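J.: Okay, here's the prediction I keep looking at, along with the sequence it came from:
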Amino acid sequence: LDLTRSPVAVVGAVGLVVAFLFDGHTVTASPTWLVRVADVIHVTAGATWVGGVVMLATVLTRRHRSDRPIRAGEMALRFSAIASVALAAVGIAGILLTWSILDSMGELFSTAWGRVLIVKLVGVGVAVGTGAYNHYIVRPQLTEDEEGASDLIRRTTRFESAVLIGVVALTAILVAAAS
């Protein structure tokens with residue numbers, strides 16, 4: 001990807017990430033420097049993971065509908081490395097953000113914010129499980145049944161996309177509640 005050809009996209013992406021520094025838990029939690037760094041990492045890595053899964057599902061679906069070779073295994077393998085790094089960053093930053101926002105672990109169950117976070121984490125777990133299923137179970141089947149395994153990767157990636165879109169919606173609720 002040559003970002004020098006898309007300066008407007010780069011400026012827009014940076015602007016979007018920086019905008020998160022002026023609302024929600026980024027301005028209400030402390031230590032401020034840690035929350036801001038964690039928030040930028042969380043948003044950037046989350047956008048990479050969610051956007052990548054959604055685009056992977058879109059490409060696989062379009063190729064399937066146009067009767068083109070899907071090449072699901074190749075794309076899934078390439079993206080899984082990026083997704084793994086993004087997921088690790090999302091998790092670490094998310095833990096730091098939660099630690100800075102909650103006064104006690106009991107607030108996970110005693111506050112509406114904590115309960116929404118738990119539902120979000122369940123969604124993340126479902127998405128992670130779906131991605132792991134694709135990577136470790138379905139992708140190796142491509143050598144035996146390329147068409148069937150490619151179709152299964154396409155369908156499970158669409159499911160993972162839908163779950164992650166729900167996770168993004170829950171994140172918006174959490175950010176608004178933390179304002």
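T.: Yep, it's here.
J.: Could I get the full set of helices for the chain?
T.: Secondary structure of the chain (DSSP state H): helices located at 7-19, 25-28, 32-65, 72-101, 107-110, 112-133, 146-177.
J.: out of the ones you listed, nearest to Arg139?
T.: The closest approach between Arg139 and any of the helices of the chain, judged by C-beta to C-beta, belongs to helix 72-101 at 5.3 Å. Where you see a C-beta, it was placed from the backbone N, CA and C, and this is true even at glycine.
J.: and the closest one, what does it pack onto?
T.: helix 25-28, helix 32-65, helix 112-133, helix 146-177 (3 or more C-beta pairs under 8 Å, 6 or more residues apart in numbering; DSSP states H and E).
J.: In a markdown table: those, plus mean pLDDT and mean neighbour count.
T.: Shown next, in a markdown table, are those (pLDDT from 0 to 100; neighbours: other C-beta atoms under 10 Å):
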| stretch | mean pLDDT | mean neighbour count |
| --- | --- | --- |
| helix 25-28 | 63 | 18 |
| helix 32-65 | 91 | 18 |
| helix 112-133 | 95 | 16 |
| helix 146-177 | 91 | 18 |
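J.: With respect to Ser100, which of those lies nearest?
T.: In terms of C-beta to C-beta, the element of the helices and strands packed on helix 72-101 nearest to Ser100 is helix 32-65, at 5.0 Å.
J.: Dihedrals phi and psi, the residue in the chain sticking out farthest from the centre?
T.: Residue farthest from the centre of the chain, counting by C-alpha atoms, centre = their mean, is Glu144 at 30.2 Å. With angles defined as degrees, to the nearest 10, Glu144 sits at phi -90, psi -40.
J.: May I have the residues that are in contact with it?
T.: The contact partners of Glu144, by C-beta atoms under 8 Å, 6 or more residues apart in numbering, come to none.
J.: Do you know the pLDDT at the closest residue in space to Ile118 that isn't next to it in sequence?
T.: Ranked by C-beta to C-beta, 6 or more residues apart in numbering and with sequence neighbours excluded, the top spatial neighbour of Ile118 is Leu108, at 6.1 Å. In this prediction, Leu108 carries a pLDDT score of 92.
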